[in-house]
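Visitor: Can you look at this prediction? I've put the sequence above it.
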Amino acid sequence: MNPYVSLFAARFRALLQYRLAAVAGFGTQLFWGFLRVMIFTAFYRSTTKPPPISLPDMVSYLWLTQAFFALSLNYVDPDVRAMMRNGTVAYEMVRPLDLYSVWLSTALAARIAPTVLRAVPMLLVAWLLLGLRLPPGAGCALATAAGIACAFLLTAALSVVVTASLFHTVSGEGLARFMPVVVYIFSGILVPLPLLPGWMQSILDVLPFRGIADIPYRLYLGTVPASDVPLLLAHQLAWTIALVLLGKLMLRRSTRRLVVQGG
Amino acid sequence: MSYLLCEAGGTALDIVVENLKKSFHVAEREPGTWGAVKGLVRRRVRVVNALDGISFALAPGELVGYIGPNGAGKSTTVKVLSGILVPDSGRCEALGCVPWRDRISYVAQIGVVFGQRTQLWWDLPVAESLDLLRDIYRVPADAYARSRAELVEMLQLAGLLTVPVRQLSLGQRMRCDLAAALIHAPRLLFLDEPTIGLDAVSKLAVRDFVRRLNRERGVTVILTTHDMDDIEALCSRVILISDGKILSDGSLDSLRREVTRERRLTLDLEDPEAEISDPDAELIERDHGRVRLSFDPERVSPAELIGRITAQCAVRDLFVENPPIEEIVARLYGRTAK
Amino acid sequence: MEYRASSLLLVSASFTATAVEFVAIWALFQRFGNLRGWTLPEVALFYGLVSCSFSAAQLTCSGFDDFSRMVREGLFDRLLLRPRSAAFQVACGEFPLIRTGRLVQGLAILLWSLWALHMRWTAGRIALLILIEMGGACIFAGLFIIQATMSFWTVETLEIMNTVTYGGTEVAQYPMTIFRPGFRLFFTFVIPLACVNVIPAGLLFGRAHAGVGTSPWCAAAPLAGPLFLLIALRLWRLGVRHYASTGS
């Protein structure tokens, strides 16, 4: 088996063990979902102007954000951070592996495993009891699956960039600390992008972050015309490739410095 | 398919190191607030010569001890030879490759055990770590099955295979690390302080294993250690490094004969004020009832000396030991300086 | 010097992370204009008050946050041996700088809302405002103490308590009239956040609002805060006695 696939599988299996945290997380997500549905419903009922997303669609969107919450977390690999603190990152290179690919497969597993644990029960409960609607049609479901897969790749590539930036201690810490907030707003998790002011939307439409939540959830709701679907997926993929290249460049520079300076 | 071996003129030696140099720049700051302010303006950098022109060569199948005091350059050498550190100058070839240049293909042929840090995965059971390594080193399935079975038997890992690495004791972890380093049957093995922090039983197990490995399989081993007992148990050849320079490279016997003829006898006397003396022993230090003597075991055997002393006065406790490595180094250094 | 830069970073990161919620509120008001009749400055006042009272509680009682760790590591025993009250000592254990970020953004939004409301400030209103603020701080302090008290009985700090504490801030940021009746009941009688949120709001803003009265009795509602805190401290004392007697 390919070593990187093997690494991914091992980490995935290991992370699936954290069932207790997932159960606790389920309760929390449920609470927050309820809260946000109430808040948004109240806003919707405050005006007669028609909103860009209907209320039932909005409710589905909100439950999707709760279900897939794990996607927007973990921008720093805790093992790598510990290694950087101890000065033992160099030892990772004793294995005959490309360090970037190791980090990417670990990042992917760190996202997919908790999402599988949390999303499946949440989606089920939300569909049965809480107003989550199914995607209208098989085409939508397929597009959503593609969108979610791309979202995983995108967030994994982003997380490797953030982890790699830790080599430059102060600025890296800054990036690591601000990234969750940036993603929270710019991806449409805090407020769905169509509800934001127009000028914000124009900027955010171009940035990579909408590929994390806005794009896959819009594909789910089926409000995207069929001709636009490939464009949205291409948006996600283009940014993913850009982030992968950036991450590889950063890591190559840093490891070159590492092998010369030691530590 | 195993990794391609790099060729370099078909050398018969496993490792060739010639005039290897490596220095580190350590940023220094004076203590206190004024020092911090000064540090903003001008960074003082201290140059540490970790390796100051070392040279040696290893033939296949050798089991070499690499010893020296703390900070002598042992770990730096191992890092260079493992391809994770680039030296400033000098020649270094191992298994026909330049370690840091051909890193991925070179590293696939060596095994490394770092005493300070495990190569296994913390939250995975040992067996899963080994399976992962099989995939990482691309070991064919049948070779893996054989290798693993042998290692499990030799290192007695049968009960540990399902245990997550983080739950292992230090001794157990070290045995698993050894298995992990050898699962792909490397020709060359680096052991960096493998017995550090281990209890006596585990130390013996590790030494036993390394000895069998070298004798029965012909694996070339470099063993860096602080512990002279490791050396005495395993190595016929010893390289002594201090302050980045090699002070001695030869058989253990010759090193011993040169320097470590002296043994030390430490006694706890019943009467702290008791006088003791012996023509063949020299007093090194005395602290009330604790007496440390130095003697030459070829002039007087330890047993005889002990008999003479205990006849003079009552002794509560005693032990015999070699002088510490630092003293050996100091003497050797003093000798070469002349 | 590096340490200073990194503290500034931490504080600004926590400022941003907590201010994010208000960004959502602002953006939604841009879109919808009002929230069931409540205006942006009014909601901002609720938000600012909650942020500040939560921060105040967090900064003074931060020791309780790490309490479960102390119990596990047996450090609590040391405190019991000293003459001062155990609660006081735990509270003063730490002063995390990072959390001042939340306080700063809370104050900023609170001050903005006070300016934007263009209210006539009578002595009564000012007193009520201070009372609400302190009442809120008491409630959150009580929640932290209850969370720590649970460590006496369970090894793990329950995720539930975290949800209730942080969820509580989210709930009280909005005028609670927008929530379902079940929610409102819980947050009135179990965790009395409504007493520092909607119940005195009519008096504070000087106008009646759907579901909110202006009876003068509402001014006493924030006192539920100190009451809650006293109950929490009583539970804590029970826990300490239990701990000391079992010698865990």
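Guide: Cool, the structure landed.
Visitor: Could you tell me how many residues sit around the residue in the stretch 101-250 of chain A that chain C sits nearest to?
Guide: Residue nearest to chain C within the stretch 101-250 of chain A (C-beta to the nearest C-beta): A:Arg177, separated by 3.8 Å. All C-beta atoms are positioned from the backbone trio N, CA, C, and that covers glycine. A:Arg177 has 21 neighbours, counted by other C-beta atoms under 10 Å in any protein chain shown.
Visitor: again, but for B:Ala179
Guide: The local packing of B:Ala179 (other C-beta under 10 Å) involves 27 other residues.
Visitor: next one: A:Arg81
Guide: 16.
Visitor: Tell me how far the residue lying closest to it once chain neighbours are set aside lies from A:Phe8.
Guide: Once flanking residues are discounted, A:Arg81 sits nearest to A:Leu166: 6.3 Å by C-beta to C-beta, 6 or more residues apart in numbering or on different chains. Counting by C-beta to C-beta, to the nearest Å, the separation of A:Leu166 from A:Phe8 is 22 Å.
Visitor: and the stretch 101-250 of chain B, which of its residues are near chain A?
Guide: Counting by C-beta under 8 Å from any C-beta of the partner chain, the stretch 101-250 of chain B comes close to chain A at B:103-105, B:107-108, B:112, B:114, B:116-117, B:119, B:121-124, B:128, B:131-132, B:135-138.
Visitor: Quick check on those: which are buried?
Guide: B:103, B:105, B:107-108, B:112, B:114, B:119, B:121, B:123-124, B:128, B:131-132, B:135-138 (16 or more other C-beta atoms under 10 Å in any protein chain shown).
Visitor: Show me those that map onto helices.
Guide: Cross-referencing those against helices under DSSP state H gives B:Arg103, B:Ser105, B:Val107, B:Glu128, B:Asp131, B:Leu132, B:Asp135, B:Ile136.
Visitor: and the gap between B:Ser168 and B:Val126?
Guide: One thing to correct before we go on: residue B:168 is Leu, not Ser. B:Leu168 sits 8 Å away from B:Val126, going by C-beta to C-beta.
Visitor: Kindly report the same for C:Ala116.
Guide: Relative to B:Val126, C:Ala116 is positioned 63 Å away (C-beta to C-beta).
Visitor: Point out the residues in chain C that sit beside chain A.
Guide: By C-beta under 8 Å from any C-beta, the residues of chain C that approach chain A are C:2, C:5-6, C:9-10, C:13, C:16-17, C:20-21, C:23-24, C:27-28, C:30-37, C:159-160, C:162-163, C:167, C:170-171, C:174, C:178-180, C:183.
Visitor: repeat that with 6 Å
Guide: Counting by C-beta under 6 Å from any C-beta of the partner chain, the positions of chain C adjacent to chain A are C:5, C:9, C:13, C:16-17, C:20, C:24, C:27-28, C:30-36, C:159, C:163, C:167, C:178-179.
Visitor: Only whichever of the residues you listed are buried, select them in PyMOL.
Guide: To isolate the buried subset of the residues of chain C next to chain A in PyMOL, counting by 16+ other C-beta under 10 Å, use the following:
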select buried, chain C and resi 9+13+16+17+20+24+27+28+31+32+35+36+159+163+167+178+179
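Visitor: Now the closest residue to chain B within the stretch 51-200 of chain A: closest residue in space that isn't a chain neighbour?
Guide: Residue nearest to chain B within the stretch 51-200 of chain A (C-beta to the nearest C-beta): A:Pro96, separated by 3.9 Å. Nearest residue to A:Pro96, sequence neighbours excluded (C-beta to C-beta, 6+ apart): B:Ala108, at 3.9 Å.
Visitor: Can you name the next helix or strand after the one helix or strand A:Gly25 maps to?
Guide: Assigned by DSSP states H and E, A:Gly25 falls within helix A:19-44. Moving toward the C-terminus from helix A:19-44, the next helix or strand (DSSP H and E) is helix A:55-67.
Visitor: mean confidence for that following helix?
Guide: Mean per-residue pLDDT for helix A:55-67: 92.
Visitor: ok, and what's touching it?
Guide: Residues outside helix A:55-67 that contact it (C-beta atoms under 6 Å, 6 or more residues apart in numbering or on different chains) are A:29, A:33, A:36-37, A:40, A:44, A:119, A:122-123, A:126, A:131-133, A:189, A:192, A:217, A:221.
Visitor: Thank you kindly, that will do.
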